[in-house]
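[1] For reference, the sequence and a predicted model appear below.
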Amino acid sequence: MAQGDIHKVAVLGAGTMGNGIAHVFARAGFPVILRDVEQRFLDRAMDTIAKNLDREIKKGKVPESERAAVLGRVLPATDLGAIAAADFCVEAVPESAELKTRVLKEADAVLRPGVILATNTSSISITQLAAATSRPERFVGMHFMNPVPVMTLVEVIRGLATTDETFQATLALCERLGKKPVAVNDSPGFVSNRVLMPLINEAIFTVMEGVATPEAVDAVMKTGMNHPMGPLELADFIGLDVCLDILEVLYKGFGDPRYRACPLLRKYVAAGWLGRKSGRGFYQYHQNDAQDGKGK
Ligand SMILES: NC(=O)c1ccc[n+]([C@@H]2O[C@H](COP(=O)([O-])OP(=O)(O)OC[C@H]3O[C@@H](n4cnc5c(N)ncnc54)[C@H](O)[C@@H]3O)[C@@H](O)[C@H]2O)c1
């Protein structure tokens, strides 16, 4: 489906990323069918979208007069059949190849044949997920960053069978959302995580080996390299379990020891020290700052 024919979109999964993706589409004028498996997840997502929209209104990014219209464009649904009306679909369910394969097959059976199906996976092969559908040529990676309404990058990933038309339509769609799309080919970790995760992993090795404290490592990268967040602060924000999972994907995908996860990272994850979301990682957090901050 050409970019100009995309009017209505579907988003599968209303979690951290799904509600952010629905938010940016609705803000750009697209009606969005937001699908999750239970009503309470949709209610929570609508709540989050309203709160984030209010923040944007306060900052003057969105006129107050548009509030009701933006919110009205998000159409929550538990019934999968509702996505049949979509001209473009983005999947944002949890990062499990098995779950994503099942959800993508179900969506593939409901969506019209010409509709592009995109996945927001952070690490699973686009080519592999595409092969589970009947439309690998109209399948693409659309890797939004968290928090979606704030971060401008979208890594647009081309699977082996993705056509030029699909790829160009997806890049153009990102521009309509006010995002900065970057074209990337399918490879473990794409560009973002392939470059970021070894940096985080090496930072963890320096802590494990007693080279420096987490605070010192982050201070070097922030004040010396001009990074807005130190690598350990960022790892805590992303989630140490997520970092470990992505390193495993890189290690398995390339078969190269340079991607082996640091034993200290494994130890923290085993202890349940997962970063901000669990209250403890390389730093300790209070309940009310668990959701704050910025990140990948
Ligand atoms: N969180 C991040 O920082 C981040 C950044 C970039 C990419 N991603 C990727 O985005 C995807 C989603 O991550 P998230 O952090 O939003 O996860 P999340 O757990 O916050 O949300 C996932 C949502 O999907 C729903 N879901 C489960 N099965 C479903 C189904 N069959 N149909 C519809 N919805 C279903 C869940 O109920 C949940 O609400 C993952 O692939 C992840 O790797 C995450």
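    Ah, there it is.
[2] use CA for all of it now, contacts and neighbours both
    OK.
[3] separation between R276 and I238?
    Distance of R276 to I238, computed by CA to CA, to the nearest Å: 8 Å.
[4] So between these two, which is more surrounded?
    R276 (27 against 19; other CA atoms under 10 Å).
[5] for the ligand, what are the nearby residues on the stretch 1-150 of the chain?
    12-18, 35-37, 41, 92-95, 103, 120-122, 143-146 (CA under 6 Å from any ligand atom).
[6] From those residues, which land in strands?
    12, 35, 143-144 (DSSP state E).
[7] to the chain's geometric centre, what's the distance from the helix or strand of the chain with the lowest mean pLDDT?
    Lowest mean confidence among the helices and strands of the chain (mean pLDDT, DSSP states H and E): helix 240-254, at a mean of 95. Centroid separation between helix 240-254 and its chain, computed with CA atoms, centre = their mean, to the nearest Å, is 16 Å.
[8] Kindly report the same for stretch 196-206.
    The answer for stretch 196-206 is 21 Å, by CA atoms, centre = their mean.
[9] Stretch 12-31 now?
    12 Å.
[10] could you give the mean pLDDT of that stretch?
    Mean per-residue pLDDT for stretch 12-31: 97.
[11] Going along the chain, name the helices of this protein.
    Taking DSSP state H as the criterion, the chain carries its helices at 16-27, 39-58, 67-72, 97-110, 126-131, 164-176, 192-208, 214-219, 225, 231-238, 240-254, 263-271.
[12] Show me the contact partners of the longest one.
    This points to helix 39-58. 14-15, 19-20, 23, 34-36, 62-64, 67, 71, 76-78 (CA atoms under 8 Å, 6 or more residues apart in numbering).
[13] Buried ones among the residues you listed?
    14-15, 19-20, 23, 34-36, 62, 67, 71, 76-78 (16 or more other CA atoms under 10 Å).
[14] From what I see, I204 and L232 are in contact.
    Yes: judged on CA atoms under 8 Å, I204 makes contact with L232 at a distance of 7.3 Å.
[15] picking that back up, PyMOL command to pick out the buried ones of the residues of the stretch 1-150 of the chain next to the ligand?
    Here is the PyMOL command that picks out the buried ones among those, judged by 16+ other CA under 10 Å:
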select buried, resi 12+13+14+15+16+17+18+35+36+41+92+93+103+120+121+122+143+144+145+146
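[16] May I have stretch 253-270 as CSV, with CA atoms only?
    Backbone C-alpha positions of stretch 253-270 (Å, rounded to 0.1, in the frame of the first residue of the first chain) are rendered in CSV as follows:
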residue,chain,number,x,y,z
GLY,A,253,23.5,-14.0,16.1
PHE,A,254,27.2,-13.4,15.4
GLY,A,255,28.8,-16.3,17.3
ASP,A,256,31.5,-13.8,18.3
PRO,A,257,32.8,-13.7,21.9
ARG,A,258,33.1,-9.9,21.8
TYR,A,259,29.3,-9.8,22.6
ARG,A,260,29.5,-12.1,25.7
ALA,A,261,27.5,-10.6,28.6
CYS,A,262,29.5,-9.5,31.6
PRO,A,263,29.1,-11.9,34.6
LEU,A,264,28.2,-8.9,36.8
LEU,A,265,25.2,-8.2,34.5
ARG,A,266,24.1,-11.8,34.8
LYS,A,267,24.5,-11.6,38.6
TYR,A,268,22.4,-8.5,38.9
VAL,A,269,19.6,-10.0,36.7
ALA,A,270,19.7,-13.2,38.7
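[17] what's in contact with it?
    For stretch 253-270, contacts defined as CA under 8 Å, 6+ apart pick out 188, 198, 201-202, 204-205, 208, 240-241, 244, 247-248, 250-251, 274, 281.
[18] How far does it sit from its chain's centre?
    22 Å.
[19] Show me which positions of it end up buried.
    For stretch 253-270, by 16+ other CA under 10 Å, it's 259-262, 265-266, 268-269.
[20] Distance to the ligand added to these, as CSV?
    Output for these, formatted as CSV (distance: CA to the nearest ligand atom, whole Å):
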residue, distance to the ligand
Y259, 18
R260, 20
A261, 18
C262, 21
L265, 18
R266, 19
Y268, 19
V269, 17
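[21] Going by neighbour count, which residues of stretch 234-253 are buried?
    For stretch 234-253, a neighbour-count test (16+ other CA under 10 Å) marks 234-244, 246-251 as buried.
[22] near the ligand too, which of the residues you listed?
    Near the ligand, judged by CA under 6 Å from any ligand atom, the entries from the buried residues of stretch 234-253 are I238.
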